[in-house]
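Engineer: please work out how this folds:
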Amino acid sequence: MSLIEDFTLGLEGQQKAIITYLHHRITDHHGLMIKMNYEIPMYYQKSWVCYLNPIKKDGVELAFIKGHRLSNEQGILSMKNRKLVAGIDLFDVTDIPIKQIDEIIQEAIILDDLYKK
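Structural biologist: Here you go, the predicted structure:
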């Protein structure tokens, strides 16, 4: 079993569908690597880029670690009173704004490329 299969084992409905869909989009399409951290799937290149976090009401938050530095031209990210992390809450796999999310992930990857350790 893969890390994501292990993680989604206890999930049902839309949470499982959203996480499975976004996981494959993030890893296959954008080429990010996964590591389980804080008991949730986190995705990285040079450093942490984003994570998937189950939330109440059968939803999932796709959150970006350096969200405060993203342009949010799409207008779909929310800081939720956080200083660094910005995310989008998703509740139905058929309503995922994939074009906008792909743009945000690409911007986050570019930002990560600029990151110097």
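Engineer: grab the CA positions of the lengthiest strand in the chain and hand them over as CSV.
Structural biologist: Under DSSP state E, the strand in the chain containing the largest number of residues is strand 48-55. Provided in CSV are the C-alpha atoms of strand 48-55 (Å, rounded to 0.1, in the frame of the first residue of the first chain):
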residue,chain,number,x,y,z
TRP,A,48,7.4,22.0,1.8
VAL,A,49,5.1,23.3,-0.9
CYS,A,50,1.6,22.2,0.2
TYR,A,51,-0.5,19.7,2.1
LEU,A,52,-3.9,18.1,2.2
ASN,A,53,-5.8,18.3,5.4
PRO,A,54,-9.3,16.7,6.1
ILE,A,55,-11.6,19.3,7.6
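Engineer: which residues of this structure score low on pLDDT?
Structural biologist: Residue ranges of the chain with pLDDT under 70: 1, 116-117.
Engineer: got the contact list for the residue nearest the centre of the chain?
Structural biologist: Among the residues of the chain, the one closest to the centroid is residue 62, at 3.4 Å (Cα atoms, centre = their mean). Residue 62 sits next to 22, 50, 51, 52, 87, 88, 90, 101 when contact means Cβ atoms under 8 Å, 6 or more residues apart in numbering. (C-beta placed from N, C-alpha, C; glycine too.)
Engineer: wait, is the fifth one part of a strand?
Structural biologist: Yes - under DSSP: H, G, I helix; E, B strand; the rest coil, residue 87 falls within a strand.
Engineer: picking that back up, note down every partner strand of the longest strand of the chain and its orientation.
Structural biologist: Here strand 48-55 has these sheet partners by DSSP bridges: strand 40-44 (antiparallel), strand 59-64 (antiparallel).
Engineer: which of the ones you listed sits most buried?
Structural biologist: Comparing the strands paired with strand 48-55 by mean neighbour count (mean count of other Cβ atoms under 10 Å), strand 59-64 ranks first with a mean of 22.
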